[in-house]
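*Asks:* Quick check, what structure comes out for this input:
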Amino acid sequence: MPAHAPVPFVSFAPGRVCLFGEHQDYLGLPVIAAAIPLGCRLKVWPASDGVWSVSTPQLGFEWSCHVDECERDSPESEPGAAAFLRAGLQEAQEAGWDVRSGGKVLCHVDLPLQAGLSSSSALVVAWMQALARVANVALTPMELARWAHRVEVVHFGEPGGHMDHVASALGGVHRIHSDWHVSRLDALEEGVWVVVDSGEPKDTRGHLTRCKAARQALVNAHGGQWVDPKVLEGWTDLSPDEQVLWKTTWTNAQLEETAAKAWTDVPALADLMAQHHEALRDGLGLSTERLERLGKAAKAAGAWGWKVVGSGGGGCALAWCPRDRAQAVHAAVREAGAKASWSVGPARGAHCTDSPDAKAPAIVLAAGRASRMKHLDERMQAAMTAEERQLLQERTKAMLPVGTDGRPFLALLLAQLQEEGVDDVCVVLSSEDDLTPTWLHPWLPEGLRVGFVRQTIPARHTKPLGTAEAVRVGLEARPEWQGMSVAVFNGDNLPPLGAVKKLISAKAATVAFARSALGLPEERVEAFAVFEGSPHLGVLGLIEKPSREDIDRVTDDAGEVWVSMNLFRLPYDALLEGCRSVPVHPQRGERELPSAVLLALKKNELRLEWIPFHGAFLDLTHPRDWIAARDKNRMDPNEQPHTP
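*Replies:* Here you go, the predicted model:
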């Protein structure tokens, strides 16, 4: 990690899942763990007043400390985020790091908190990484892990090993040993991991203390080394509870070792995963009725394996399933009461990136499931190749390739946004989508900052809570955009050239498109929402599902009807307030963006500028739209993708 000058930057650290060896690392036994894309993101502005302030608006968390006031004679007895931040600052200064400048930090966490995915460790790793960068201290990933472990565990005399910190700092999948030796394991080519949040609270410190203290006392009293119970001297002198603890620890150690040796053997790993969960459940008491119900649902839907993750007693679990069963597993655990679920794969380790302040930020909505695109009639079946039909089933609409070079539709939109002045984009994906960031990466426009956040589907729902909810998720992921106006675009349609540039020049505006010029099928256009108002008056209203009478009433003197394509730009705070406050539509069961925009205008007494525009849209709603977009070949076929 090279040293950098103190300029605005983002420090990100991922969470982790323990695949094998849960509750083993602090006993001196190896574990297998993987970093996941969910994590802790810090936007950092170095300062000059000596005060470090950290704010997490999504949680209402605020902390600040002058560099001269971070030292304590004795650490906090029950440390939380504020204590970890203070301890990190103290440890950095005691090590001679020059962090006396201070800084302002805005934090966003998309990990469920205290749920077994190492949200606190991700914060500490990101924090120490940020302090090191400000101090121009170059750290290797392993050095960063050691510093984070020192701050979170050693500083407070807390129970816990270093698995979390190593997994977050290094990324990927690793076998982690107690002496800090690690060996990298290949990402599994088969299947997908599904992280499931039970929504059930857990007692991390209580479970760690109980599992660690009792077993450490037990092993210390019997030679200080875990051995096969069959050869343990004094086995018969152990109490029944002690025998269970010893057997469980030995079993889990053997399972982890076997898994490392059989890493590419899918049936073997699935069986080992099930055995590991049983040992954690029956030997350490780390499962619950809800987790067992969720696991049963996941396996009935096709999951190969299931296990609790983290300290247990609630929180999260991990399913491993064939990719073609992932959606069914998500649906099954939601129906069984899961609070949320995410498809994940091994993620990059902690890293910093330059992050100049945005001038024209935007949210792109790309979490739609494209149900209509996946249901082909006989005519469309016949018109498509087997490869095209497979792409429709595997990819979201925004990631369908258009053109001979394979560039996905979303890349076209991002390139146009950049060309017309957008400089910072947050793409909102479905929590079931673990592939889009990787697939899109070669096509990201150079110089455009693009990040991703995931919208979950609530328990016992079959779809996300709508576009307003997606925008809320995107806004909360970018608290540094406060004080700016933010534009919103759909990831599955491409506005006519010039529309974006006009939109981002306004503070609060929408683009009203001439219905006659959209170039879309008439039956589809007739269902679009229509605006009430005029360029002079601004937007006075928006009519969803307009009737014939509504159309007659809003038609202007030139005979034109002006429709909404959900292109809006509003001040950050107003838009966030509207998205948080808008009620769920009673029939559609969604929080809808147009309603949220109108509510934001009313609450903040804003006028929504009406920007009239004539131009054709490229829209992906039906399979034939994709074929048409592909055949138009809107890009230069000789242009090659950008390789980072």
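
*Asks:* immediately after the helix or strand bottoming out on mean pLDDT in the chain, which helix or strand?
*Replies:* When each helix and strand of the chain is scored by mean pLDDT, DSSP states H and E, helix 371-374 comes last, with a mean of 65. Under the assignment DSSP states H and E, the closest C-terminal helix or strand after helix 371-374 is helix 378-383.

*Asks:* Pull out the buried residues from that following helix.
*Replies:* Judged by neighbour count (16 or more other C-beta atoms under 10 Å), helix 378-383 contains these buried residues: residue 380. To be clear about C-beta, it is placed using only N, CA and C from the backbone, and glycine gets the same treatment.

*Asks:* Tell me which other helices or strands it touches.
*Replies:* helix 623-632 (3 or more C-beta pairs under 8 Å, 6 or more residues apart in numbering; DSSP states H and E).

*Asks:* residues in contact with the helix it packs on?
*Replies:* Contact with helix 623-632 is made by 373, 376, 380, 383-384, 392, 397, 400-403, 409, 618-620, as judged by C-beta atoms under 8 Å, 6 or more residues apart in numbering.

*Asks:* ok, these vs residue 342, which is closest?
*Replies:* residue 397 (20.2 Å; C-beta to C-beta).

*Asks:* what about that closest one, how many neighbours?
*Replies:* By the criterion of other C-beta atoms under 10 Å, residue 397 has 26 neighbours.

*Asks:* what's the answer for the one 5 residues further on, then?
*Replies:* Here the count is done by other C-beta under 10 Å, and residue 402 has 25 residues near it.

*Asks:* if we can go back for a sec, looking at the contacts of helix 623-632, point me to the pair that's furthest apart.
*Replies:* The distance between the two most remote of those (C-beta to C-beta) is 21.4 Å, for 376 and 403.

*Asks:* which one of the contacts of helix 623-632 is nearest residue 518?
*Replies:* For the contacts of helix 623-632, the residue nearest residue 518 by C-beta to C-beta is residue 619; the value is 8.2 Å.

*Asks:* Spatially nearest residue to that closest one, not counting backbone neighbours?
*Replies:* Of all residues not flanking residue 619 in the chain, residue 493 sits nearest, at 4.2 Å (C-beta to C-beta, 6 or more residues apart in numbering).

*Asks:* How about residue 363?
*Replies:* residue 474 (4.0 Å).

*Asks:* quick one: that neighbour from residue 525, how far?
*Replies:* Remark: distance between residue 474 and residue 525 (C-beta to C-beta, to the nearest Å) = 27 Å.

*Asks:* Ok, residue 236 next?
*Replies:* 82 Å.

*Asks:* what about the two, which has more around it?
*Replies:* Neighbours per residue, other C-beta under 10 Å: of residue 236 and residue 525, the larger number sits with residue 525, 17 against 7.

*Asks:* and that one, what does it touch?
*Replies:* 515, 518, 563.

*Asks:* still on that earlier bit, could I get the contacting residues of the residue nearest to residue 619?
*Replies:* Residue 493 makes contacts with 413, 565, 617-620, as judged by C-beta under 8 Å, 6+ apart.

*Asks:* which of those residues lies closest to residue 99?
*Replies:* Checking those against residue 99 by C-beta to C-beta gives residue 413 as the nearest, at 40.3 Å.

*Asks:* Which element, helix or strand, includes the closest one?
*Replies:* Using DSSP H and E, residue 413 sits in helix 409-419.

*Asks:* And that helix, what's buried?
*Replies:* Counting neighbours by 16+ other C-beta under 10 Å, one finds that the buried residues in helix 409-419 are 409-418.

*Asks:* Same list (these) but as TSV, adding distance to residue 444 and pLDDT.
*Replies:* Listed next are the buried residues of helix 409-419 as TSV, based on distance: C-beta to C-beta, whole Å; pLDDT from 0 to 100:
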residue	distance to residue 444	pLDDT
409	14	92
410	10	95
411	7	94
412	12	92
413	12	95
414	7	97
415	9	96
416	13	96
417	12	98
418	10	98
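
*Asks:* Now the element after the helix holding residue 413, going C-ward?
*Replies:* strand 424-430.

*Asks:* Between helix 409-419 and that next one, find me the angle.
*Replies:* Strand 424-430 runs at 160 degrees relative to helix 409-419, counting by axes from the mean of the first three to the mean of the last three C-alpha atoms, to 10 degrees.

*Asks:* Sheet partners, orientation included, of strand 424-430?
*Replies:* Using DSSP bridges, the strands paired with strand 424-430 are strand 361-366 (parallel), strand 449-455 (parallel).

*Asks:* got the CA positions of the first one in CSV?
*Replies:* Okay, so that is strand 361-366. Taking Å, rounded to 0.1, in the frame of the first residue of the first chain, the C-alpha atoms of strand 361-366 are listed here in CSV:
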residue,chain,number,x,y,z
PRO,A,361,-23.4,13.1,-8.7
ALA,A,362,-26.0,10.6,-9.9
ILE,A,363,-27.7,7.4,-8.8
VAL,A,364,-28.4,4.7,-11.4
LEU,A,365,-31.1,2.2,-10.6
ALA,A,366,-30.2,-1.3,-11.8
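
*Asks:* what is the mean pLDDT for the top strand by length along the chain?
*Replies:* If you go by DSSP state E, the chain has its longest strand at strand 31-46. The average pLDDT for strand 31-46 rounds to 97.

*Asks:* Mind listing the strands that strand pairs with, and their directions?
*Replies:* Strand 31-46 has these partner strands in its sheet, going by DSSP bridges: strand 9-20 (antiparallel), strand 103-109 (antiparallel), strand 173-176 (antiparallel).

*Asks:* And residue 23, which helix or strand is it part of?
*Replies:* Assigned by DSSP H and E, residue 23 belongs to no helix or strand.

*Asks:* my guess is it contacts residue 311, does it?
*Replies:* Yes - Residue 23 is within contact range of residue 311, at 7.5 Å (criterion: C-beta atoms under 8 Å).

*Asks:* Report the set of residues contacting both of the two.
*Replies:* Shared contacts of residue 23 and residue 311, counting by C-beta under 8 Å, 6+ apart, come down to 208, 211, 286.

*Asks:* OK, contacts around the last one?
*Replies:* This points to residue 286. 22-23, 207, 280, 308, 311-313.

*Asks:* Please report the distance of residue 407 from residue 168.
*Replies:* 33 Å.

*Asks:* Neighbour count: these two, which is higher?
*Replies:* Just comparing residue 407 and residue 168: by other C-beta under 10 Å the higher neighbour count belongs to residue 168, 33 against 21.

*Asks:* The more buried one reaches residue 17, doesn't it?
*Replies:* No - Residue 168 is beyond contact range of residue 17, at 11.3 Å (criterion: C-beta under 8 Å).

*Asks:* so where's the stretch 1-150 of the chain uncertain?
*Replies:* The stretch 1-150 of the chain contains residues with pLDDT under 70 at 1-6.

*Asks:* just the stretch 351-500 of the chain next, same as before
*Replies:* 369-375.

*Asks:* do the stretch 201-350 of the chain as well
*Replies:* 204-205.
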